[in-house]
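In: Here is a sequence with its predicted model. Questions after.
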Amino acid sequence: MTEVHAGDWIEYSQVDFLGGASNFQARVASASSSDGTIEVYVDGCGSGTLVGSCAVSPTGGWQVWTDVTCSIDTTTGVHDVCLQFAGALSEPLLNLNYFQFE
């Protein structure tokens, strides 16, 4: 995903957490002038449960990639997963290359 703005979101259906996950890791890049946040929800955007959030600081460029990791509430089983992006600016916050749960 490129040029992710505050208020954007993406949802994945029926993610199987198998034995459980307690960490979220994402590969991101940002040339934004302020921090952003990736909020992780299970069971839907808006109506779901917030299980964790990761702060994303500027990395020095839109193609300067780094990994961010944060703890999430331990999640097991099959759930819809929503990533919602938050920040103070109307400019793009970040680019998202990939993410995983551990």
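Out: Happy to help now that I have it.
In: switch to C-alpha atoms for all contacts and neighbour counts from now on
Out: Noted.
In: Who does the residue nearest the centre of the chain form a beta bridge with?
Out: For the chain, the residue nearest the mean C-alpha position is residue 38 (3.5 Å; C-alpha atoms, centre = their mean). Note on residue 38: beta-bridge partners residue 54, residue 85, judged by DSSP bridges.
In: That one reaches residue 83, doesn't it?
Out: Yes. A contact is recorded between residue 38 and residue 83 when judged using C-alpha atoms under 8 Å, the distance being 6.4 Å.
In: Between these two, which contacts overlap?
Out: By C-alpha atoms under 8 Å, 6 or more residues apart in numbering, residue 38 and residue 83 have no common neighbours.
In: out of everything not next to it in sequence, what's closest to residue 100?
Out: Once its chain neighbours are removed from consideration, residue 100 has its nearest residue in residue 25; the separation is 5.4 Å (C-alpha to C-alpha, 6 or more residues apart in numbering).
In: which residues touch the one you found?
Out: Taking C-alpha under 8 Å, 6+ apart as the definition, contacts of residue 25 comprise 67-70, 99-102.
In: Considering these, which possesses the most neighbours?
Out: Neighbour tally across those (other C-alpha atoms under 10 Å): the maximum, 18 neighbours, falls on residue 69.
In: which other helices and strands contact the longest strand along the chain?
Out: Of all segments of type strand in the chain, defined using DSSP state E, the longest is strand 61-75. Helices and strands touching strand 61-75, by 3 or more C-alpha pairs under 8 Å, 6 or more residues apart in numbering; DSSP states H and E, are strand 21-30, strand 49-56.
In: which helices and strands does the last one pack with?
Out: So that's strand 49-56. Secondary structure elements in contact with strand 49-56, counted by 3+ C-alpha pairs under 8 Å, 6+ apart, are strand 36-42, strand 61-75.
In: quick one: contacts for residue 48?
Out: Residue 48 makes contact with 41-42 under the criterion C-alpha under 8 Å, 6+ apart.
In: What distance do you get for it to residue 81?
Out: Here residue 48 is placed at a distance of 9 Å from residue 81 (C-alpha to C-alpha, to the nearest Å).
In: Quick check: neighbours shared by the two?
Out: Shared contacts of residue 48 and residue 81, counting by C-alpha under 8 Å, 6+ apart, come down to 41-42.
In: Fine by me, we can end here.
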